[in-house]
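In: Okay, sequence plus prediction incoming.
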Amino acid sequence: MPVPRYLNLAIVIILFLWPTAADAQAEGPTYVVQEGDTLFGIAFIFGSTVNEVAAANGIENPSAIFPGQELVIPGLEGIQGSLRFEVLEFGETLTSRALRHGLPLDQLVQLNRVLLPQRFPAGQRVVLVEPEAPELPLPTAQRVMAARGDSLLELSARLNSDPWSIQAYNRLGARRWSVAVEMLYAPGGDSPTTALPPELDAVEVGPLPSVQGQVVVIQVTAPEGTQVSGRLGPWNLNLVERAPGDFVALQGVHALSEPGLLELEIGQLSGSMFSQPIELVEGDYGREVLQVPPETLDPENTGPEDELIGRVVGQITPEMLWEGVFAFPGSYYETFPSFFGTRRSYNGSEFIYYHTGLDLYGGSTTPVLAPAIGRVAFADNLTVRGNVTYLDHGGGVYSGYLHQSQILVQVGDPVEQGQIIGYVGGTGRVTGPHLHWEVWVGGVPVDPLLWTRTPFP
């Protein structure tokens with residue numbers, strides 16, 4: 001029986017309009033592919049899978065995406081718009097970012113898959129929806145830090161507001177409770193909408209993420225007369241006041257610290273504190289095997305010697321004496337026999353040791369030069385370090401010169417950059433003559449090469 005002509009026409013129209021694999025796209029927010037992106041990385045960031053993102057965008061070959069391509073991100077119900085990334089600075093939370101961009105807090109929580117929006121690590125990328133209007137300057141408001149057990153009613157009374165207004169202004173959605181150390185805001189004040197205690201104006205932390213064996217710089221601005229304190233992981237910060245209300249602390253991060261999160265706490269001395277994690281990543285350090293005199297590994301020698309040097313470099317001279325980058329302490333610095341942070345095996349041991357400094361080539365006639373202005377804090381002969389000198393550069397920064405054949409300075413002597421303070425040698429735990437150069441920051445050895453390239457404040 002022949003098929004009616006109108007039925008044939010209907011079938012053709014249906015087939016023409018039916019979406020194909022190439023043009024059937026799901027509804028949802030979009031993301032523009034950036035240089036270096038992969039479909040796997042994009043899917044992972046947004047809590048999806050490669051197959052789900054490919055299916056939502058009609059992609060047959062997952063490796064065939066290209067920069068500038070716009071992808072629909074599935075699984076983010078109720079969210080529309082263009083997704084982008086922004087780095088969260090220290091002292092900010094998802095709440096303060098929501099206020100800045102006029103976004104619902106629960107939307108940022110969903111996009112970033114976090115349970116505690118006030119504990120988002122500083123330095124990590126925040127996923128947010130591109131605002132319709134250009135980004136506004138950080139708004140100002142009244143702010144109050146919630147204590148354990150505080151209700152929105154109690155907090156709103158302290159802000160001269162009401163719970164419903166607080167709920168709406170802070171983008172809390174249906175939530176009717178506060179979280180300990182959470183900062184909440186109300187309109188009408190002149191404080192920036194950060195999560196910092198009201199006694200602090202601003203805190204800058206960098207570089208982020210922090211790296212094993214490198215330095216974290218913390219700069220704090222506070223009203224004149226404020227006393228500031230802080231802590232990074234296990235280390236108390238030495239906050240030097242360079243000008244009224246202007247503080248800076250330099251803190252080294254141990255080369256063997258476990259990668260993950262370090263807690264950074266900043267606040268008023270004997271007052272309210274703000275705590276936020278920062279990310280710590282691995283340094284790029286190699287391995288080497290060495291044979292050394294056994295007595296230089298004996299804990300009866302190494303223990304007391306390490307404690308002695310720890311006391312020397314643990315003393316704080318408030319004034320920062322150096323300016324700009326450090327010079328190299330030797331005349332040859334094109335190549336190095338051993339780099340800072342290298343994991344070491346001594347006399348067949350496991351790789352439980354690491355190199356606390358940078359080695360430079362030289363012999364007994366090679367002078368050792370002060371890399372920056374300082375003062376001699378220690379000069380003596382030790383079993384492991386040999387003839388050793390430590391210079392105090394102020395602000396908790398020290399430099400050390402090990403294995404010398406001669407020491408030309410005494411404790412208390414001031415030194416200028418480029419001054420000869422000794423000669424290279426082969427004393428102590430060595431396999432041959434060389435200069436072992438150390439830089440200590442906040443009681444922790446860090447990579448000296450960093451100081452020849454970076455002008456720390």
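Out: Noted; the coordinates are in hand. Every value quoted in this text rests on a predicted model; they were computed, and no experiment measured them. Numbering: from 1, shown residues only.
In: give me the low-pLDDT residue ranges for the stretch 151-300 of the chain?
Out: Flagging of the stretch 151-300 of the chain using pLDDT under 70 yields the residue ranges 180-181, 191-192.
In: My error: substitute the stretch 301-450 of the chain in the last question.
Out: In the stretch 301-450 of the chain, no residues with pLDDT under 70.
In: quick one: buried residues of stretch 335-345?
Out: Residues of stretch 335-345 classed as buried: F336, S338, F339, F340, G341, T342, R343, R344 (neighbour count, 16 or more other C-beta atoms under 10 Å). In this view, the C-beta of every residue, glycine as well, is placed from N, C-alpha and C.
In: again, but for stretch 294-301
Out: Buried, per 16+ other C-beta under 10 Å, within stretch 294-301: T296.
In: now stretch 207-226
Out: 208-220, 222, 226.
In: which one among the residues you listed gets closest to S405?
Out: For these, the minimum distance to S405 (C-beta to C-beta) is 28.3 Å, reached by G213.
In: ok now whichever helix in the chain runs longest, how far from the chain's centre?
Out: Longest helix of the chain, by residue count under DSSP state H: helix 299-313. Centroid displacement of helix 299-313 relative to its chain, using C-alpha atoms, centre = their mean, to the nearest Å, is 30 Å.
In: what's the helix or strand just after that helix packed up against?
Out: Sequence-wise, the next helix or strand downstream of helix 299-313 (DSSP states H and E) is strand 343-346. Counting by 3 or more C-beta pairs under 8 Å, 6 or more residues apart in numbering; DSSP states H and E, the packing neighbours recorded for strand 343-346 are strand 287-290, strand 353-354.
In: now those as JSON lines including distance to A55 and mean neighbour count?
Out: Output for the helices and strands packed on strand 343-346, formatted as JSON lines (distance: least, C-beta to C-beta, whole Å; neighbours: other C-beta atoms under 10 Å):
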{"stretch": "strand 287-290", "distance to A55": "45", "mean neighbour count": "13"}
{"stretch": "strand 353-354", "distance to A55": "48", "mean neighbour count": "17"}
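In: do you know which of the ones you listed lies nearest G78?
Out: Closest to G78 of the helices and strands packed on strand 343-346, according to C-beta to C-beta: strand 353-354, at 49.9 Å.
In: Neighbouring strands of the helix or strand just after the closest one in the sheet, and parallel or not?
Out: Sequence order places strand 358-360 as the next helix or strand after strand 353-354, per DSSP H and E. With DSSP bridges as the test, strand 358-360 is paired with strand 435-441 (antiparallel).
In: Pull up the pairing partners for whatever helix or strand comes next after the partner strand, direction included.
Out: Downstream of strand 435-441, the first helix or strand assigned by DSSP H and E is strand 444-446. Strands that pair with strand 444-446, judged by DSSP bridges, come out as strand 435-441 (antiparallel).
In: and the partner strand, how far from the chain's centre?
Out: The answer for strand 435-441 is 23 Å, by C-alpha atoms, centre = their mean.
In: now it and helix 299-313, what's the angle there?
Out: 50 degrees (axes from the mean of the first three to the mean of the last three C-alpha atoms, to 10 degrees).
In: Alpha carbons of strand 435-441, as PDB, please.
Out: C-alpha atoms of strand 435-441 as PDB (Å, rounded to 0.1, in the frame of the first residue of the first chain):
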ATOM      1  CA  LEU A 435      81.800  26.800  49.700                       C
ATOM      2  CA  HIS A 436      78.500  25.800  51.200                       C
ATOM      3  CA  TRP A 437      76.200  28.900  51.300                       C
ATOM      4  CA  GLU A 438      73.000  29.000  53.400                       C
ATOM      5  CA  VAL A 439      70.200  31.600  53.700                       C
ATOM      6  CA  TRP A 440      67.900  31.300  56.700                       C
ATOM      7  CA  VAL A 441      64.500  33.100  57.000                       C
END
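In: Name the surrounding residues that touch it.
Out: Contact with strand 435-441 is made by 215, 250-252, 313, 326, 329-330, 356-362, 366, 368, 385, 396-404, 424, 445-448, 450-451, as judged by C-beta atoms under 8 Å, 6 or more residues apart in numbering.
In: Helices of this protein, start to end?
Out: Using DSSP H, helices in the chain cover 5-17, 39-45, 50-56, 94-101, 105-112, 152-158, 163-169, 299-313, 448-453.
In: Take these and lay them out in JSON lines including distance to A377.
Out: What follows is these, written out as JSON lines (distance: least, C-beta to C-beta, whole Å):
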{"stretch": "helix 5-17", "distance to A377": "82"}
{"stretch": "helix 39-45", "distance to A377": "48"}
{"stretch": "helix 50-56", "distance to A377": "57"}
{"stretch": "helix 94-101", "distance to A377": "43"}
{"stretch": "helix 105-112", "distance to A377": "47"}
{"stretch": "helix 152-158", "distance to A377": "49"}
{"stretch": "helix 163-169", "distance to A377": "53"}
{"stretch": "helix 299-313", "distance to A377": "5"}
{"stretch": "helix 448-453", "distance to A377": "17"}
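In: what's the most buried one of those helices?
Out: helix 94-101 (a mean of 22; mean count of other C-beta atoms under 10 Å).
In: how does the protein divide into domains?
Out: The chain breaks down by automatic domain parsing into domains covering 15-72, 140-192, 203-281, 287-453.
In: show me where pLDDT drops low in the stretch 1-150 of the chain?
Out: Those would be 1-26, 131-140, if you go by pLDDT under 70 across the stretch 1-150 of the chain.
In: switch to 80 and redo it
Out: The model of the stretch 1-150 of the chain has pLDDT under 80 over residues 1-27, 99-102, 116-118, 131-149.
In: ok, back up a step: of the helices and strands packed on strand 343-346, which is nearest P318?
Out: Taking these one by one with C-beta to C-beta, strand 353-354 is closest: 30.3 Å.
In: burial measure for the nearest residue to Q268 once chain neighbours are set aside, as a count.
Out: Distances taken as C-beta to C-beta, 6 or more residues apart in numbering place E199 nearest to Q268, at 4.3 Å, with adjacent residues excluded. By the criterion of other C-beta atoms under 10 Å, E199 has 17 neighbours.
In: cool, and V126?
Out: Neighbours of V126 (other C-beta under 10 Å): 19.
In: between the buried residues of stretch 335-345, which is closest to I79?
Out: For the buried residues of stretch 335-345, the nearest to I79 is G341 (43.1 Å; C-beta to C-beta).
In: Quick one: residues contacting the closest residue to that closest one other than its chain neighbours.
Out: Closest residue in space to G341, ignoring its immediate chain neighbours: Y285 at 3.9 Å, by C-beta to C-beta, 6+ apart. Residues in contact with Y285 (C-beta under 8 Å, 6+ apart) are Q212, G213, A255, F339, G341, T342, R343, Y354.
In: Could you rerun that using 7 Å?
Out: Taking C-beta atoms under 7 Å, 6 or more residues apart in numbering as the contact definition, Y285 lies against G341, T342, R343.
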